[in-house]
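Asks: below: sequence and its predicted model.
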Amino acid sequence: MNWGTKIVLGMITFMLFIICMVVYMFSVHGNDALVDEDYYEKGINYNQEYNAKQNVITDGAQPKITVSNSQIIIQLKDSANYELKLMRPSTTKNDIKDKGNTVGDSNLILIGTKNMHSGLWFLELKWTCNGKNYFFKKDITL
């Protein structure tokens, strides 16, 4: 084999590598946990999110979060309607979304961890109480 043939084979190998990488990147699209689908909408509504975060600070309404082997227990200051997101940084397939009302006189939110993978989770909690909106973010480890 002469040097011209080696150059052509090297270029063909490199082009196949690039084509395989493009196909792989398109097949992974949509499973990336670092990209929000509603990115622009979140940017427009950022002031509302900021005000809700400030309400948590000014009202002293930071939730108490307890992680046990079987469940995550979130205790709020008052009874509220909530929207909870638990997001896994590695993949969006394992994300958990829950809506509802707090339970009992202790104003609890209970989430079972039986089917959840161990490791890092991003917790986002939005709730409405007495006509005010609240927003809280925290990283938890199971």
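Replies: Happy to help now that I have it. Residues are numbered from 1 along each chain as shown.
Asks: show me the shaky parts of this protein.
Replies: Within the chain, the segments meeting pLDDT under 70 span 29-36.
Asks: domain parsing of it, as residue ranges.
Replies: For the chain, automatic domain parsing gives the domain ranges 1-30, 39-141.
Asks: could I get the ones you listed as TSV with mean neighbour count?
Replies: Where you see a C-beta, it was placed from the backbone N, CA and C, and this is true even at glycine. As requested, the domains of the chain are exported to TSV (neighbours: other CB atoms under 10 Å):
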stretch	mean neighbour count
domain 1-30	9
domain 39-141	14
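Asks: show me what the helix or strand hosting residue 50 packs onto, helices and strands only.
Replies: Taking DSSP states H and E as the criterion, residue 50 maps to helix 46-59. If you count contacts as 3 or more CB pairs under 8 Å, 6 or more residues apart in numbering; DSSP states H and E, helix 46-59 packs onto strand 132-141.
Asks: which elements pack onto the strand it packs on?
Replies: On a contact count with 3+ CB pairs under 8 Å, 6+ apart, strand 132-141 meets helix 46-59, strand 64-67, strand 120-129.
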